[in-house]
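A.B. asks: Give me coordinates for this.
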Amino acid sequence: MKLTILGTGNAAVTEVYNTCFAFSDGDRHFLVDAGGGNQILKRLKDAGIPLKDIHDIFITHEHIDHLLGLIWLVRMIGQNMNKGKYEGDLRIYCHADLIPVIRTITDLTIQKKVTKHIGERIQLIPVEHGETREIVGCPVTFFDIYSTKAKQYGFTAMLPGGVKFTCAGDEPYNEKDYEFVKGSDWLMHEAFCLYGEADEFGPYEKHHSTVKEACQTAEQLQIPNLILYHTEDKNIARRKELYTSEGRGFYRGSLYVPDDMETFEI
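C.D. replies: Take a look at the predicted model:
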């Protein structure tokens, strides 16, 4: 399974794209979040992921840096449906409270000749805490991350070869989700900034982690592979170096601080 990190930044970044990523198995793709704008179209193009091959999208929560890129995807895929250039259905998974939000934004901003597909070929599929769906041939289990800001879900996926991959959302791991996260081979965890720069970026007031806390969590959970994302972008040229250096003091596994468009074979 190929993992493409389409964006790595938090909501306010300007030097990178907002956090979103895609799993790919040949011409099957599972997109997780879509960032905050139409740059998602360029990211997918550069990643070699055609819109016609995207049939499964998961939106973690309602914040604009995760949701608004989806509106562009609905528009473009819906237009392609009208032109006969998209076969099959588009399935958008999210928690139930997010469905009316998506419907409202699309109805207000996209022409009816496109939104007519919502509820038919564009399916808004509610998922519950602990529910498992098969996506691109893999069982994906969704879970509530117990956000303090807006209801948000993460997920665990069992990838080919028995590899367990977990995305904990864009807030710190919550111990209530231990049964979902335990035994993961890979963990994606947000790291808003370096611990040494917490006074500058204020991660705690936004309910985010620093690199230090994210690495301490992964070490405590004995996760072999940790990917840090949803970061600030003040010093992108040295982010990988600086985050890796700080993280090494708290985590003994394989630590990854990806750039936008970096790929992994999972």
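A.B. asks: For the longest helix seen in the chain, list every residue counted as buried.
C.D. replies: Scanning the chain for the longest helix, with DSSP state H as the assignment, gives helix 64-82. Within helix 64-82, the residues that count as buried by 16 or more other CB atoms under 10 Å are 65-81. C-beta here means a position set from N, CA and C on the backbone, and glycine is covered the same way.
A.B. asks: Surely residue 147 is in contact with residue 172?
C.D. replies: No - the pair residue 147 / residue 172 is not scored as a contact, 10.0 Å apart, by CB atoms under 8 Å.
A.B. asks: overlap in contacts of these two?
C.D. replies: Shared contacts of residue 147 and residue 172 (CB atoms under 8 Å, 6 or more residues apart in numbering): residue 207.
A.B. asks: which element follows the helix or strand harbouring residue 238 toward the C-terminus?
C.D. replies: Assigned by DSSP states H and E, residue 238 falls within helix 236-247. Using DSSP H and E, the helix or strand that follows helix 236-247 in sequence is strand 254-256.
A.B. asks: what does that following strand contact?
C.D. replies: The contact list for strand 254-256, computed with CB under 8 Å, 6+ apart, reads 215, 224, 225, 226, 227, 228, 244, 247, 248, 264.
A.B. asks: go again using 10 Å as the cut-off
C.D. replies: By CB atoms under 10 Å, 6 or more residues apart in numbering, the residues outside strand 254-256 that reach it are 5, 186, 188, 211, 214-215, 218, 223-229, 240, 243-248, 262, 264.
A.B. asks: quick one: buried residues of it?
C.D. replies: Neighbour counts over strand 254-256 (16+ other CB under 10 Å) mark 255, 256 as buried.
A.B. asks: Could you point out the helix or strand that follows it?
C.D. replies: Using DSSP H and E, the next helix or strand after strand 254-256 towards the C-terminus is strand 263-265.
A.B. asks: Which strands border that next one, and is each parallel or antiparallel?
C.D. replies: If you go by DSSP bridges, strand 263-265 pairs up with strand 2-7 (antiparallel).
A.B. asks: now the strand it pairs with against helix 64-82, angle please.
C.D. replies: With axes from the mean of the first three to the mean of the last three CA atoms, to 10 degrees applied, the angle from strand 2-7 to helix 64-82 works out at 120 degrees.
A.B. asks: Show me which positions of strand 2-7 end up buried.
C.D. replies: Along strand 2-7, these residues count as buried under the neighbour rule (16+ other CB under 10 Å): 3, 4, 5, 6, 7.
A.B. asks: got the CA positions of that strand in PDB?
C.D. replies: Taking Å, rounded to 0.1, in the frame of the first residue of the first chain, the C-alpha atoms of strand 2-7 are listed here in PDB:
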ATOM      1  CA  LYS A   2       1.400   3.400  -1.000                       C
ATOM      2  CA  LEU A   3       0.800   6.400   1.400                       C
ATOM      3  CA  THR A   4       1.100   9.800  -0.200                       C
ATOM      4  CA  ILE A   5       1.200  12.800   2.200                       C
ATOM      5  CA  LEU A   6      -0.600  15.500   0.200                       C
ATOM      6  CA  GLY A   7      -0.200  18.100   2.800                       C
END
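A.B. asks: buried ones in the helix or strand following it?
C.D. replies: Under the assignment DSSP H and E, the closest C-terminal helix or strand after strand 2-7 is strand 20-25. Buried positions in strand 20-25, judged by neighbour count with 16+ other CB under 10 Å: 20, 21, 22, 23, 24.
A.B. asks: and of these, the nearest to residue 94?
C.D. replies: Within those, distances to residue 94 taken as CB to CB reach their minimum at residue 20, with 13.9 Å.
A.B. asks: Show the contacting residues for that closest one.
C.D. replies: Residue 20 neighbours (CB under 10 Å, 6+ apart): 4-9, 31-36, 40, 43-44, 57, 59-60, 65-66, 69-70, 229, 260.
A.B. asks: Any stretches of the chain with poor pLDDT?
C.D. replies: Along the chain, no part satisfies pLDDT under 70.
A.B. asks: Can you show me the strands along it?
C.D. replies: Shown for the chain, the strands assigned by DSSP state E span residues 2-7, 20-25, 28-32, 54-58, 90-94, 122-126, 132-135, 138-144, 153-159, 163-167, 186-190, 225-229, 254-256, 263-265.
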